[in-house]
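Pasting the sequence and the predicted coordinates here, then a few questions.
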Amino acid sequence: MAKQPQGRLVWNHSTHLDGLIPVLERLAQQPHIQTITPGVIARVRAHAPKLVIKVSLPIRGGYKLLARRGKTVQEVFVLTSLEQADLEAAIAQAQR
């Protein structure tokens, strides 16, 4: 049985939310994850005391996630063949 290739984490920004990269590295090791690309960081009004990652909406070939911590939000794009519920389970496992 062939081993599932590991997904890759794209480093295209110099700044990331605190604690986000270790979670994304664990997520990239999950089966059926091809590419994870952190995107734009923005300020928001609401406060999230700890890192929260939610699936936002489907994109071609995967999903856009929103990672929030404090008053900051960062987009994360995941290319995957997983269904949304399976991706949410993989995210929950990567955050442990």
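That came in fine, so what should we check first?

Flag every buried residue along the helix or strand containing A46.
Secondary structure assigned from DSSP states H and E places A46 in strand 33-59. Burial within strand 33-59, assessed by neighbour count using 16 or more other Cβ atoms under 10 Å, is assigned to I33, I36, T37, P38, G39, L51, I53, V55. All C-beta spots, glycine's among them, are computed from the backbone N, C-alpha and C.

bridging residues for the closest residue to the fifth one other than its chain neighbours?
The spatial neighbour of G39 that comes closest, neighbours along the chain excluded (Cβ to Cβ, 6 or more residues apart in numbering), is E75 at 3.6 Å. Beta-bridge partners for E75, by DSSP bridges, are L66.

And for E75, the neighbour number?
Applying other Cβ atoms under 10 Å, we find 15 other residues in the vicinity of E75.

Specify the angle between the lengthiest helix in the chain and strand 33-59 in degrees.
If you go by DSSP state H, the chain has its longest helix at helix 84-94. Between helix 84-94 and strand 33-59, the angle comes out at 130 degrees (axes from the mean of the first three to the mean of the last three Cα atoms, to 10 degrees).

does W11 sit in a helix or strand, and which one?
Assigned by DSSP H and E, W11 falls outside every helix and strand.

State the pLDDT value of it.
Note for W11: predicted pLDDT of 81.

So that it lines up with my notes, have the first residue be 51 from now on.
Sure thing, new numbering starts at 51, so read that last one as W61.
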